[in-house]
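In: Next come a sequence and a model predicted from it.
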Amino acid sequence: MRFESRLAVMALTVLVMFVRNAVAQPQRAPDAPRIPAPRDIAYPGVIHLSVDATDLERGILAVHETMPVAKSGPMILLYPKWLPGNHAPHLFTERLAGLSISALGQKVAWRRDTVDMSAFHIDVPNGVSILNISFQYLSPMTAREWPRLMSPNIVDIWWPTVTLYPAGYFARQIPVEASLKLPENFKPASALAIGSLDGQIVKFKSTPLETLVDSPVVAGRYFKQYDLDPGATARVRLDLFADRPEDLIVPPEVLKNYEALVRQAHKLFASRHYDHYDFLLWLSDALSPVGLEHQQSSEDGAGPSYFHDWGASLATHQLAPHEFAHSWNGKFRRPAELWTPNFNVPMRDSLLWVYEGQTQYWGQVLSARSGLLTPQQVMDALATYAAAYDHQPGRAWRNLQDTDNDPIFAEGRPQSWPSWQRNEDYYYEGQLLWLDVDTLIRERSGGRRSLENFAKAFFGVDDTSHVTLTYGFDDVVKTLNAVQPYDWAAFLRTRLDSIGSGAPLDGLARGGYRLVYTDTETDFYKSSEAGTDLTYSLGLIAAPTGTITDVLWDGPAFKAGLMPGIQVVAVNGVAFDSGRLKSAVTEAIGNGPAVELLIKKGVAYRTVRIDYHDGLRYPHLERLASAPARLDDILAPKS
């Protein structure tokens with residue numbers, strides 16, 4: 001064969017192989033139909049939404065909507081997914097059941113979007129102006145499922161779980177008239193304005209979808225309302241629900257603390273951004289514990305003995321101040337990346353260290369100023385949080401800024417090694433950051449200014465306005481510089497972006513205190529303790545059953561090979577109990593015997609020795625004579 005022929009054959013062979021390979025390789029499927037972006041235009045008509053909440057025993061909410069439509073053809077209905085205050089997508093769509101859509105007496109077929117499972121496609125028939133939509137929301141039936149919000153005595157209506165809305169519009173442009181059928185003898189409370197109350201049917205005045213979703217309704221068989229700001233134009237109320245009428249009694253001294261909370265918050269922020277405000281609080285073990293902020297209300301859950309045994313729940317006393325502060329920080333002023341035009345546009349969480357971190361700071365300050373916690377208890381709380389970060393090895397590889405992303409990718413799921421992985425530290429490390437800022441302003445201004453000046457300038461603007469005012473990092477820096485000139489951008493970025501061991505304790509030191517450890521727990525530490533907490537000694541936490549629930553990464557227990565899930569059967573040859581484990585740690589001080597644990601993993605048993613000899617260690621704050629007691633000034637009530 002001539003050379004030219006051989007070349008031709010080779011070229012043909014290569015071409016055939018190329019064609020075969022091109023044909024054989026998979027290709028990308030067409031994109032799914034796009035969901036229309038929301039537009040800031042008025043929706044044509046009013047959605048009528050009715051919810052039947054009478055099936056308490058089975059936790060079923062029956063929903064019916066009538067939805068006006070402007071034209072025939074393709075339409076997309078959305079089930080809310082990104083909810084304000086959650087900072088993450090919560091897809092409750094699996095609890096939506098029995099979806100049926102009709103128009104002019106005929107069924108309208110629907111199909112779920114193959115990419116966004118919270119979107120439903122329909123084709124509106126010609127001549128149709130109203131859609132009838134029915135479905136059920138199947139509430140969790142046990143307290144272990146989250147969120148269980150229906151019980152025989154109390155129901156909490158989350159409007160986003162019972163609402164489908166049209167794609168293509170800003171939520172503020174969709175008016176809704178909602179009604180709610182309650183069980184017999186149930187009384188409702190909400191930030192929503194009630195239009196009429198006829199027996200079991202509550203009809204609310206027309207409101208934008210944006211406001212409806214941010215305004216839950218709590219109703220119950222046993223209900224009592226307390227006025228926390230008597231005589232005020234913008235009323236503030238504690239709406240209390242319980243499983244038993246005797247649990248509705250708030251001790252007079254505690255009620256005075258709640259009233260002081262309202263006064264102190266108004267002094268701090270020098271404004272109001274609500275027509276009235278409702279603390280919606282239920283006392284029950286049957287519902288999920290919830291702490292969720294809204295513009296004109298908050299949802300909080302606690303145990304039945306919350307007010308009967310007030311001193312046993314110290315760690316939760318700061319919940320009401322935290323959520324109340326959110327009316328200013330988070331609801332009125334909100335990071336631009338956390339404001340979205342509807343509830344299916346993704347949020348971005350990069351400023352949660354302001355939204356939640358500064359709120360956590362003000363929540364603790366207001367706890368002390370109102371008397372819900374004593375100043376010493378707040379200091380004990382600060383010691384608890386500071387110690388957690390002083391012993392958090394995860395700070396060596398992951399910075400504070402990155403923890404802002406936790407709600408989105410971690411979604412509150414249990415962690416195997418929390419101290420190494422980190423989890424939503426923008427709350428409590430964020431609080432330490434803002435203590436640092438506050439004390440630095442006080443120091444550099446000679447005590448003439450503080451973070452309170454920032455609060456008034458940043459959150460106190462546009463008094464009485466409900467319109468969300470968004471901000472970015474530069475806005476925070478600009479306001480701080482107006483309060484006290486400094487390189488705040490570099491200061492904040494260093495603390496947000498740095499990695500390294502040890503907690504950020506400059507704020508405590510500048511406030512006149514240092515973190516120390518003793519062998520005695522504070523009352524606050526005890527109230528927040530989950531089992532036997534020996535984090536700062538053996539480096540583990542054990543449940544009352546002996547099951548290890550947490551192990552400090554690279555701590556003594558970790559180095560001995562222990563991990564969460566293992567059960568401690570015996571301590572130094574004797575059956576496990578909390579007191580025995582603590583005694584063993586004390587007996588090991590100095591040259592004492594190592595702590596010996598008989599552990600069980602699955603069906604296997606083995607003995608582990610933890611060579612630790614420094615005794616029990618619990619965090620406290622100790623006064624520094626070398627610095628002014630600025631922290632005392634911060635926690636003192638304002639006259």
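Out: Sure, I can see it. Residues are numbered from 1 along each chain as shown.

In: show me where the stretch 101-250 of the chain has helices.
Out: Here the stretch 101-250 of the chain has its helices, by DSSP state H, counting those that start in this stretch, at 209-213.

In: Any regions of it where pLDDT drops low?
Out: Residue ranges of the stretch 101-250 of the chain with pLDDT under 70: 143-144.

In: Find the residue at the geometric middle of this protein.
Out: Residue closest to the mean C-alpha point of the chain, counted by C-alpha atoms, centre = their mean, is Asn86 at 5.4 Å.

In: Just give the nearest non-adjacent residue to that residue, would you?
Out: Excluding its sequence neighbours, the residue lying closest to Asn86 (C-beta to C-beta, 6 or more residues apart in numbering) is Pro407, at 7.0 Å. Quick note: C-beta positions are derived from backbone N, CA and C, even for glycine.

In: which SS class is that neighbour?
Out: helix (DSSP: H, G, I helix; E, B strand; the rest coil).

In: With Ser465 instead?
Out: Going by three-state DSSP: Ser465 is coil.

In: and it, what does it touch?
Out: 273, 332 (C-beta atoms under 8 Å, 6 or more residues apart in numbering).

In: before we move on, what about Pro637?
Out: 260, 264, 368-371.

In: So it: helix, strand or coil?
Out: coil.

In: Check which helix or strand Ala627 maps to.
Out: According to DSSP states H and E, Ala627 maps onto no helix or strand at all.

In: what about it, how many neighbours?
Out: 17 (other C-beta atoms under 10 Å).

In: swap in His613?
Out: 17.

In: and the nearest residue to it once chain neighbours are set aside, how far is that from Trp553?
Out: Nearest non-adjacent residue to His613, counting by C-beta to C-beta, 6+ apart: Ala588, 5.2 Å away. Distance of Ala588 to Trp553, given as C-beta to C-beta, to the nearest Å: 22 Å.

In: These two: which is more packed in?
Out: Neighbour count, other C-beta under 10 Å: between Ala588 and Trp553, Ala588 has more, with 22 against 18.

In: and that one, what does it touch?
Out: So Ala588 contacts 594-595, 612-613, 615 (C-beta under 8 Å, 6+ apart).

In: Let's see if you can find the most crowded of the residues you listed.
Out: Top of the contacts of Ala588 by neighbour count (other C-beta under 10 Å): Val595, with 25 neighbours.

In: Can you give me the separation between that one and Val155?
Out: Taking C-beta to C-beta, one finds Val595 at 49 Å from Val155.

In: do the same with Gln106
Out: Applying C-beta to C-beta to Gln106 and Val155 gives a distance of 34 Å.

In: The two: who's more crowded?
Out: Val155 (27 against 9).

In: Run through the bridge partners of the more buried one.
Out: With DSSP bridges as the criterion, Val155 is bridged to Met150, Ala219.

In: That one contacts Phe223, doesn't it?
Out: No - Val155 lies out of contact with Phe223 (C-beta atoms under 8 Å); the separation is 11.7 Å.

In: buried set for stretch 614-629?
Out: Neighbour-count burial for stretch 614-629 flags 615-621, 627 (criterion: 16 or more other C-beta atoms under 10 Å).

In: which ones among those are found in strands?
Out: 618-621 (DSSP state E).

In: mind giving me the domain ranges of this protein?
Out: 36-220, 230-511+635-639, 537-616 (automatic domain parsing).

In: For the ones you listed, give me CSV that also has distance to Glu529.
Out: Output for the domains of the chain, formatted as CSV (distance: least, C-beta to C-beta, whole Å):
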stretch, distance to Glu529
domain 36-220, 21
domain 230-511+635-639, 9
domain 537-616, 8
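
In: Is Val354 in a helix, a strand, or coil?
Out: helix.

In: Retrieve the pLDDT associated with it.
Out: Looking at Val354, its pLDDT reads 98.

In: Same question for Glu4.
Out: So, for Glu4, pLDDT stands at 56.

In: again with Glu94
Out: According to the model, Glu94 scores 89 on pLDDT.

In: Confirm that it sits in a strand.
Out: No - read with three-state DSSP, Glu94 is helix and lies in no strand.

In: can you tell me how far it sits from Gln27?
Out: 32 Å.

In: picking that back up, quickly note the distance from the residue nearest to His613 to Asp550.
Out: 21 Å.

In: same check, this time on Gly590
Out: 27 Å.

In: next one: Pro346
Out: 32 Å.

In: Of the two, which one has the most company?
Out: The neighbour count for Pro346 versus Asp550, taken as other C-beta under 10 Å, is higher for Asp550 (22 against 11).

In: Is the residue nearest to that one when sequence neighbours are not counted inside a helix or a strand, and which specific one?
Out: Spatial nearest neighbour of Asp550, excluding adjacent residues (C-beta to C-beta, 6+ apart): Ile541 at 4.3 Å. Assigned by DSSP H and E, Ile541 belongs to strand 540-542.

In: Let me see the mean pLDDT of the helix or strand just after that strand.
Out: For strand 540-542, the succeeding helix or strand toward the C-terminus, using DSSP H and E, is strand 548-551. For strand 548-551, the mean pLDDT works out to 96.

In: repeat for stretch 521-533
Out: 91.

In: Please list the outside residues in contact with it.
Out: So stretch 521-533 is contacted by 311-315, 373, 377, 380-381, 383-384, 541-544, 549, 578, 581-582, 618-620 (C-beta under 8 Å, 6+ apart).

In: run the last query once more with 6 Å
Out: Stretch 521-533 is contacted by residues 314-315, 377, 380-381, 384, 541-543, 578, 581, 618 when judged by C-beta atoms under 6 Å, 6 or more residues apart in numbering.

In: What of stretch 44-55?
Out: 61-68, 70, 155, 162, 175-183.

In: I'd like the average pLDDT over that stretch.
Out: 97.

In: Over to stretch 392-412?
Out: For stretch 392-412, the per-residue pLDDT averages 93.

In: Same question for stretch 629-639.
Out: pLDDT averaged over stretch 629-639 gives 97.

In: Is Leu281 within a helix or a strand, and which one?
Out: strand 277-283.

In: For that strand, what is the distance to the chain centroid?
Out: 17 Å (C-alpha atoms, centre = their mean, to the nearest Å).

In: Can you name every helix or strand that that strand contacts?
Out: Using 3 or more C-beta pairs under 6 Å, 6 or more residues apart in numbering; DSSP states H and E, the elements in contact with strand 277-283 are strand 236-242, strand 297-302.

In: hmm, try it at 10 Å
Out: Packing partners of strand 277-283 (3 or more C-beta pairs under 10 Å, 6 or more residues apart in numbering; DSSP states H and E): strand 154-157, strand 187-190, strand 217-220, strand 222-227, strand 236-242, helix 252-269, strand 297-302, helix 319-325.
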